[in-house]
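>>> Whatever this is, show me its structure:
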Amino acid sequence: MQMENFAPFMFAGLVVIMLIGFPVAFSLAALGMASGFFAIEMGWFPPVFMQNLPINIFGILSNELLLAIPFFTFMGAILEKCGLAEDMLDSMGQLFGTVRGGLGYSVIIVGFILGAITGTVAGQVIAMALISLPVMMRYGYNMRYATGVLAASGTITQLVPPSLVLIVMADQLGRSVGDMYKGAWGPSILQIAIFAGYTFVLGVFRPHYIPGIPKEARTMSGLALWIKCLRGIIPSAFLIFAVLGSMGGLPWMDSAIATPTEAGAMGVVGALVLAAIHRRLTWDLLWSAMVGTMRLTAMVVFILIGARVFSMVFQGVDGALWVEHMLSGLPGGQIGFLIAVNVFIFFLAFFLDFFEIAFIILPMLGPVAHKLGIDLVWFGVLLCVNMQTSFMHPPFGFALFYLRGIADTLFKEKRIPAPVKSSDIYLGAIPWVLMQLVLVAIVIFVPQTVTVFLDKEQVIDVDKVQVEVPVDEDAKDQDAAPEMPGEAAPASPDAPPAADDPAKALEDALQEKKH
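Alright, predicted model coming up:
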């Protein structure tokens with residue numbers, strides 16, 4: 001076997017071990033080690049090549065950017081358990097509930113706000129379903145719309161800054177987290193607009209699917225209702241602006257005063273303050289949040305180590321060149337490459353988590369995108385838009401699993417009158433997945449949706465560059481100063497030029513004396 005033919009075998013082995021179902025971190029490491037020893041046996045690279053592995057792993061563990069992941073995870077875990085979602089959904093539902101589709105609008109808006117401060121799909125879907133699903137069923141909402149809007153609004157958190165996915169994307173693509181966040185704001189707002197537009201159109205053509213709740217069903221109204229809404233929105237908005245603004249992650253911000261890690265630490269402090277304001281800051285809450293953060297961080301680190309083992313050996317057998325030749329030759333240039341990659345990522349997301357895709361697949365695709373002249377911030381945000389569908393589409397959409405579990409719990413507790421069918425959950429997700437794919441297409445063909453908020457690069461035309469030599473004013477004044485007594489007068493035009501060599505000048509003077 002030739003070395004250039006081994007890279008496709010490694011990639012095929014990658015697909016097989018992912019389909020087996022064994023934890024991907026350990027599967028990747030085992031595949032990488034086995035492939036590395038086989039390559040050494042074949043003489044494709046020396047044994048000393050594998051000695052780079054401990055250095056690579058130490059480089060992962062000393063990466064300060066990845067330290068932001070436990071901070072943002074801890075912040076989201078605190079806010080998820082402090083009751084902020086329940087308070088906001090209750091107040092928003094009463095504020096918009098009387099409008100046709102009002103409960104749907106409130107779920108979409110609260111999902112967007114929670115996505116910017118929590119960052120966890122599971123907690124968001126469960127919290128919103130606990131509050132909104134019984135109310136939607138009580139007032140006759142279409143079951144497929146209800147389950148679809150709850151699941152889709154929970155997945156927005158993968159795209160809205162400060163998303164953990166965007167931090168990983170920035171690390172893998174070598175771009176700043178602030179630029180990745182600024183680029184994600186456009187698609188995030190578009191996603192909310194598409195969801196709200198679908199709800200509005202459904203209310204026009206199928207008004208019985210999303211009826212408004214009667215005004216007498218509200219427990220609060222007037223100024224008291226507005227105060228309750230603002231009590232949840234204003235502190236949340238302040239936390240968002242403080243965390244994202246400090247790291248330059250808001251539109252039209254040109255500078256940052258904190259690193260992502262420092263901003264995450266500040267977000268943890270803000271989350272603790274918000275939990276204390278809601279009088280829910282307890283030792284049980286902190287312990288639960290710390291355990292969840294520890295598990296997620298350990299999972300991310302082990303996946304990253306396994307992916308690094310595989311990618312190091314894969315590059316050692318020229319796998320990067322194989323991927324580059326395969327993808328750069330696609331018809332259609334940049335657009336053809338982006339369409340092919342997004343189709344591949346969409347189907348890969350049926351089986352892989354977004355962290356696994358980011359750590360395993362992205363290092364293969366990033367260099368090819370860069371050589372094709374694609375803005376890597378645009379590329380990273382585009383893949384993030386695509387990967388949020390991984391929580392929604394069957395058969396392994398985790399948001400659908402969370403919704404399935406919480407619906408059964410609600411029925412057992414007699415908080416909903418009838419069980420929710422699995423067919424309603426899966427069929428209800430289809431329109432929302434299609435809307436997410438529409439957003440993918442928009443971002444591909446209209447890159448300005450990402451780049452509009454990014455800092456404009458200054459293009460310098462080297463042909464128009466002018467070099468100006470500064471003039472010393474003191475020297476200029478000395479040149480213009482009048483002749484002082486005792487100074488030699490300037491030579492007349494008829495005088496012979498002064499000799500540079502004093503010896504030659506003396507010789508000329510002696511010759512003139514002889515004559």
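>>> can I get the CA coordinates of stretch 20-37 in PDB?
These are the backbone C-alpha positions of stretch 20-37, laid out as PDB (Å, rounded to 0.1, in the frame of the first residue of the first chain):
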ATOM      1  CA  ILE A  20     -20.200   1.800  16.200                       C
ATOM      2  CA  GLY A  21     -21.400   4.000  19.100                       C
ATOM      3  CA  PHE A  22     -18.400   3.600  21.400                       C
ATOM      4  CA  PRO A  23     -17.300   7.000  23.000                       C
ATOM      5  CA  VAL A  24     -15.800   8.900  20.200                       C
ATOM      6  CA  ALA A  25     -12.900  10.400  22.200                       C
ATOM      7  CA  PHE A  26     -11.400   7.000  22.900                       C
ATOM      8  CA  SER A  27     -12.300   5.600  19.500                       C
ATOM      9  CA  LEU A  28     -10.400   8.400  17.800                       C
ATOM     10  CA  ALA A  29      -7.300   8.000  20.000                       C
ATOM     11  CA  ALA A  30      -7.200   4.300  19.300                       C
ATOM     12  CA  LEU A  31      -7.600   4.700  15.600                       C
ATOM     13  CA  GLY A  32      -4.900   7.400  15.500                       C
ATOM     14  CA  MET A  33      -2.500   5.300  17.500                       C
ATOM     15  CA  ALA A  34      -3.100   2.200  15.500                       C
ATOM     16  CA  SER A  35      -2.700   4.100  12.200                       C
ATOM     17  CA  GLY A  36       0.500   5.800  13.500                       C
ATOM     18  CA  PHE A  37       2.200   2.500  14.400                       C
END
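>>> quick one: low-confidence parts of the stretch 351-500 of the chain?
Counting by pLDDT under 70, the ranges of the stretch 351-500 of the chain that qualify are 394-396, 455-500.
>>> So residue 350, which state does it fall into?
When the structure is split into helix, strand and coil by DSSP: H, G, I helix; E, B strand; the rest coil, residue 350 lands in coil.
>>> burial count for it?
Other residues near residue 350 number 13, with proximity taken as other Cβ atoms under 10 Å. Bear in mind the C-beta positions are built from the backbone N, C-alpha and C, glycine included.
>>> buried ones in the host helix or strand of residue 429?
Residue 429 is located in helix 422-445, with elements delineated by DSSP states H and E. Residues of helix 422-445 classed as buried by neighbour count (16 or more other Cβ atoms under 10 Å): 424-426, 428-429, 431-433, 435-437, 439-440, 442-444.
>>> other SSEs contacting it?
Judged by 3 or more Cβ pairs under 8 Å, 6 or more residues apart in numbering; DSSP states H and E, the packing partners of helix 422-445 are helix 143-155, helix 177-205, helix 333-348, helix 376-387, helix 398-412, helix 448-451.
>>> would you turn those into JSON lines with mean neighbour count and distance to residue 41?
Putting the helices and strands packed on helix 422-445 into JSON lines (neighbours: other Cβ atoms under 10 Å; distance: least, Cβ to Cβ, whole Å) gives the following:
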{"stretch": "helix 143-155", "mean neighbour count": "27", "distance to residue 41": "45"}
{"stretch": "helix 177-205", "mean neighbour count": "20", "distance to residue 41": "41"}
{"stretch": "helix 333-348", "mean neighbour count": "17", "distance to residue 41": "31"}
{"stretch": "helix 376-387", "mean neighbour count": "25", "distance to residue 41": "36"}
{"stretch": "helix 398-412", "mean neighbour count": "18", "distance to residue 41": "40"}
{"stretch": "helix 448-451", "mean neighbour count": "19", "distance to residue 41": "46"}
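>>> Need those in JSON lines (columns: distance to residue 99).
Compiled in JSON lines, those are given as follows (distance: least, Cβ to Cβ, whole Å):
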{"stretch": "helix 143-155", "distance to residue 99": "15"}
{"stretch": "helix 177-205", "distance to residue 99": "8"}
{"stretch": "helix 333-348", "distance to residue 99": "34"}
{"stretch": "helix 376-387", "distance to residue 99": "28"}
{"stretch": "helix 398-412", "distance to residue 99": "24"}
{"stretch": "helix 448-451", "distance to residue 99": "28"}
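>>> from what I can see residue 114 touches residue 124, true?
Yes. Contact status for residue 114 versus residue 124: in contact at 5.2 Å, counting by Cβ atoms under 8 Å.
>>> returning to what we had before: just flag the most distant two among the buried residues of helix 422-445.
The two members of those with the most space between them (Cβ to Cβ) are 424 and 444, at 31.6 Å.
>>> elements contacting the longest helix belonging to the chain?
The longest helix of the chain (DSSP state H) is helix 283-316. When contacts are defined as 3+ Cβ pairs under 8 Å, 6+ apart, helix 283-316 sits against helix 6-20, helix 24-42, helix 52-61, helix 68-81, helix 354-360, helix 362-371.
>>> In contact with the residue most central in space within the chain, which residues?
Using Cα atoms, centre = their mean, the residue of the chain that lies closest to the mean C-alpha position is residue 166, 1.6 Å off. Contacts were defined as Cβ atoms under 8 Å, 6 or more residues apart in numbering; by that measure residue 166 touches 177, 180, 181, 184, 380, 381, 384.
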